[in-house]
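Chemist: Quick one, what's the 3D model for this:
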Amino acid sequence: MASSKEYMEFILGQLSGLSDVSSRAMMGEYIIYYRGKVAGGIYDDRLLVKPVASAAAYMHTVAYERPYEGGKEMLLVDDVDNRAYLEGLFEAMYDELPSPKPKKSKKAKAEK
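Modeler: Residues are numbered from 1 along each chain as shown. Take a look at the predicted model:
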């Protein structure tokens, strides 16, 4: 089941107090980026974030769920109506999020 655009817009609205939050549609779901790093995503109208220790420590309730069958477990964020909580969660986990992998240049791709 794909996620709705309305839910994605609601989550982005809840995170609007943070700078540089964006999303990208991917196969009916949405990836959430925070300051250039993948923080989580919206899967079946659920907000799931990367399972970093700082996120688990910050959350009221820690529940692991898979975004899709065969996917790696992520943390389910159940308090999406609390804007301050969501913003605090993303701030708390930012330093632990993996940096994006450098993109290969067109020249390197052509050489393969």
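
Chemist: Low-confidence ranges, this structure, go.
Modeler: For the chain, applying pLDDT under 70 flags the ranges 1, 108-112.

Chemist: So what does the spatially most central residue of it have for phi and psi?
Modeler: Nearest to the geometric centre of the chain sits residue 40, at 1.6 Å (CA atoms, centre = their mean). The phi and psi torsions at residue 40 (degrees, to the nearest 10) take the values phi 170, psi -150.

Chemist: And it, how close does it get to residue 48?
Modeler: Computed as CB to CB, to the nearest Å, the residue 40 to residue 48 distance reads 5 Å. Yep, even glycine has a C-beta here, placed from its N, CA and C like the rest.

Chemist: Give the helix, strand or coil label for the closest residue to residue 28 other than its chain neighbours.
Modeler: Leaving aside its sequence neighbours, residue 28 sits nearest to residue 2 (CB to CB, 6 or more residues apart in numbering; 3.2 Å). For residue 2, the secondary-structure state derived from DSSP: H, G, I helix; E, B strand; the rest coil is coil.
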